[in-house]
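# show me how the following folds:
(one chain, ligands or ions: 1)
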Amino acid sequence: MLLIVGLFSFNWNDHTPVTHVICLCTDLALLGLILWFLPRVVSATLRITVEAIIYVTALIDTYCLYNFGKGISPTILIIFINTNESEITDFLSSYGHQLLNDWHTIVIILLMIFHAVVSFKYIKRIPWTMAIPYRRWLLAGGGVLMVAGLMFTWPDKQRLARLLSQDNISDMEGLVFRNFDESAYLSPLRLAYALKAMNLAEKEIIILREANARAHIDSCSHRSPCIVLIIGESYNRHHSQLYGYPLPTTPKQLERANSGQLTVFSDVISSWNITTNSFNQMFSLHHYGASRPWSSYPLFPILFRQAGYRVAFLTNQFARHANRSHSNQTGGFFLNDRQLFDNLFDLHNNRQRQNDMTFLNAHMEMLNDSADYKLDIIHLHGQHFDYASRYPNEETVFTTADYQYRQLNDDERQVIAHYDNATRWNDCVLDNILKYYENQDAVVICLADHAEEVYDDLPVRGRIYSELTARQVHQEFEIPFWIWCSPAYEKHHPDVVAQIKESAQRPWMTDRLPHLLLYLADISQADYDERLSLISPLTDNKVPRIIEGIVDYDALINGK
Ligand SMILES: [Zn+2]
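Reported below is the predicted structural model:
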């Protein structure tokens, strides 16, 4: 019966691998063997408990799958847990009837009733003795199959054990992107994974809140009165003219770079190729190699607010209070926490637009206030997947004809054309932002959360989440990074401008971003480390760049 329930609760529409079926058969056989060896009372109690867990979780899982399109997961669980009592009543009155509308859940309920009736009423009438002459052969055959099943499914079990033994949400997120969550193949395992993720996320947020409540700055000289941070999305710098791309994807930035007002940094990488993990590192004073977990460090906007800066966050991606619809896979992203979000920013937008230019036209005016000191964080949609929708049709410059020399088919050439058009449109967006700050005493930093593969050296698009290789980090972690200074900033801060220009070749990683920002504002704080600040004369070029906290980028790229 459990085999039937297990098979029924699989999401067959979403390609259930044969491994899952073998996992289920092996695990049930193993469970039967264990129960066989246990004393009768213990065995019966355990059997009923396991059966109850499997039926209840299968019911919830199937309900979620056929009503919300996704089975039990951390995000689904967070939505359920965050639903208060009156909302549960509303929820049941709105969705409760669907429990019986959907035939999948009805089948599970019928199986459950049938199983209970058979177990209690008729089990003794089944002539088990018939099997006795063949029992030895059955046991031997079953044993061989079980050992074979265990050997076959062992890697999957190891992946599950690794997933469930993580002690921080970023690493768990990294594993989920590598599909480790697929090893939680059955409803109770999916529930265990979701509970573990939720527990880790909650602990992390509590520690993060405490760290930010505790954090205080020692001093601030407001070295730069207006600091602007532009965060792009999925930007492969090898598609930018600033880094030698042959097609005219970034003419406006190139013009500014050639005139000397924009300094291009040649060796900056992102710490992750996953947006939320990259954001954790970019916002926290933690860096890979630091002694404490990242969540125990303050986030830089809090320190800027303490220093008297008005902190604005315009994001065309993360919807505030959006019922976590923009949360990561494991549901633990700090910007989803209302309390933290409200403490981090003085100003923020509430709506997004498909096009970054439209978004900025609607929101840039918010930044025009009378604050003496400003930190403006502008987070774009940039070149996020679905590149075709990131730029207006009438702004098409590149077509498949531009890539005829590439050994690719026309669909792939079209994808590159869309990406390059989105990159060129992003060039216009960035130029408009710089025009906005042209008459202010402003320094603008522009980077991307990570890069992206666009059929560059392999037929690969997007990001791949396997063991890191030099080829992959070249395409997915090497990001554009530049600093632009307004004419007023050049006039008032020639020392900083000189330091920026002298640092353009330095190796650096975006997990150190808060230390650069704090240096630009000249904020002193216990966790601030000037060695990481990129442009200070005290910058240490030898601090290892450990991407994802595990791989030394320089050793990997140099083949050491
Ligand atoms: Zn991203």
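# only C-alpha atoms from now on, for both contacts and neighbour counts.
Fine.
# what's the residue closest to the geometric middle of this protein?
Nearest to the geometric centre of the chain sits Thr276, at 3.8 Å (C-alpha atoms, centre = their mean).
# any idea how far Leu164 is from that one?
20 Å (C-alpha to C-alpha, to the nearest Å).
# enumerate the positions of stretch 440-449 that are buried.
Asp441, Ala442, Val443, Val444, Ile445, Cys446, Leu447, Ala448, Asp449 (16 or more other C-alpha atoms under 10 Å).
# now do stretch 216-231
Result for stretch 216-231 [16+ other C-alpha under 10 Å]: buried residues 216-217, 220, 222-231.
# so which of those sit within strands?
With strands taken from DSSP state E, the overlap with the buried residues of stretch 216-231 comprises Ile217, Cys220, Cys226, Ile227, Val228, Leu229, Ile230, Ile231.
# let me have these in CSV, extended by pLDDT.
CSV is the format used below for those (pLDDT from 0 to 100):
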residue, pLDDT
Ile217, 98
Cys220, 98
Cys226, 98
Ile227, 98
Val228, 98
Leu229, 98
Ile230, 98
Ile231, 98
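# residue numbers of the protein in contact with the ion?
Neighbours of the ion within the chain, by C-alpha under 5 Å from the ion: Glu233, Thr275.
# please redo it, this time with the cut-off set to 6 Å
With C-alpha under 6 Å from the ion as the criterion, the chain meets the ion at residues Glu233, Ser234, Ile274, Thr275, Asp449, His450.
# top of the residues you listed by neighbour count?
His450 (29 neighbours; other C-alpha atoms under 10 Å).
# point me to the residue of the protein nearest the ion.
Nearest residue of the chain to the ion: Thr275, at 3.7 Å (C-alpha to the ion).
# my read: that residue touches Asp449, true?
Yes: in this structure Thr275 lies within contact range of Asp449 using C-alpha atoms under 8 Å: 6.1 Å.
# picking up where we left off before, using the three-state scheme, assign the residue nearest to the centre of the chain.
helix (DSSP: H, G, I helix; E, B strand; the rest coil).
# so what pLDDT did it get?
According to the prediction, Thr276 has pLDDT 90.
# kindly report the same for the one 5 residues further on.
In the predicted model, Gln281 carries a pLDDT score of 96.
# if we can go back for a sec, ok, of the ones in strands among the buried residues of stretch 216-231, which one's closest to Asp376?
Comparing those against Asp376 with C-alpha to C-alpha places Val228 closest, at 4.7 Å.
# show me what contacts the closest one?
Val228 is in contact with Leu375, Asp376, Ile377, Ile378, Ala442, Val443, Val444, Ile445, counting by C-alpha atoms under 8 Å, 6 or more residues apart in numbering.
# relative to His418, how far out is the nearest residue to Asp420 once chain neighbours are set aside?
If the residues on either side of it in the chain are set aside, Asp420 comes closest to Thr249, at 6.1 Å by C-alpha to C-alpha, 6 or more residues apart in numbering. Distance of Thr249 to His418, computed by C-alpha to C-alpha: 11 Å.
# do Phe300 as well
Distance, Phe300 to His418, using C-alpha to C-alpha: 35 Å.
# what of Leu65?
Applying C-alpha to C-alpha to Leu65 and His418 gives a distance of 34 Å.
# which one's more surrounded, those two?
Between Leu65 and His418, His418 has the larger neighbour count (other C-alpha under 10 Å), namely 25 against 17.
# surely the more buried one and Gln383 touch.
No: counting by C-alpha under 8 Å, His418 does not reach Gln383; the two are 9.3 Å apart.
# and the strands in the stretch 451-560 of the chain?
453-454, 461-462, 481-485, 508-509, 523-525, 546-547, 551-552 (DSSP state E, counting those that start in this stretch).
# now the ones you listed in a markdown table, with distance to Gln414?
Formatted as a markdown table, these follow (distance: least, C-alpha to C-alpha, whole Å):
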| stretch | distance to Gln414 |
| --- | --- |
| strand 453-454 | 11 |
| strand 461-462 | 12 |
| strand 481-485 | 27 |
| strand 508-509 | 32 |
| strand 523-525 | 47 |
| strand 546-547 | 31 |
| strand 551-552 | 34 |
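# quick one: closest of those to Leu347.
strand 523-525 (20.9 Å).
# sheet partners, orientation included, of the closest one?
Under the criterion DSSP bridges, strand 523-525 sits next to strand 217-220 (antiparallel) in its sheet.
# contacting residues around the partner strand?
Identification of contacts with strand 217-220 by C-alpha under 8 Å, 6+ apart yields Leu303, Gln306, Ala307, Ala521, Asp522, Ile523, Ser524, Gln525, Ala526.
# please save the CA atoms from it in PDB.
The C-alpha atoms that make up strand 217-220 are tabulated as PDB, following Å, rounded to 0.1, in the frame of the first residue of the first chain:
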ATOM      1  CA  ILE A 217      29.700  53.100  14.200                       C
ATOM      2  CA  ASP A 218      32.700  54.800  15.900                       C
ATOM      3  CA  SER A 219      33.000  57.800  13.600                       C
ATOM      4  CA  CYS A 220      32.200  59.200  10.200                       C
END
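# so what's the gap between it and the chain middle?
Offset of strand 217-220 from its chain centre (C-alpha atoms, centre = their mean, to the nearest Å): 32 Å.
# cool, and stretch 263-282?
Offset of stretch 263-282 from its chain centre (C-alpha atoms, centre = their mean): 13 Å.
# now that stretch: buried residues?
In stretch 263-282, counting by 16+ other C-alpha under 10 Å, buried: 263-266, 268-274, 276-282.
# now stretch 377-389
Residues of stretch 377-389 classed as buried: Ile377, Ile378, His379, Leu380, His381, Gly382, Gln383, His384, Phe385, Tyr387, Ala388 (neighbour count, 16+ other C-alpha under 10 Å).
# average pLDDT for it?
Here the average pLDDT along stretch 377-389 is 95.
# what's the first-to-last distance across that stretch?
23 Å.
# just name the most buried of the strands of the stretch 451-560 of the chain.
strand 508-509 (a mean of 26; mean count of other C-alpha atoms under 10 Å).
# what pairs with that one, parallel or antiparallel?
strand 268-269 (parallel).
# poorly predicted segments of the chain, please.
Applying pLDDT under 70 to the chain flags residues 2, 5-8, 11-16, 78-101, 120-134, 320-328.
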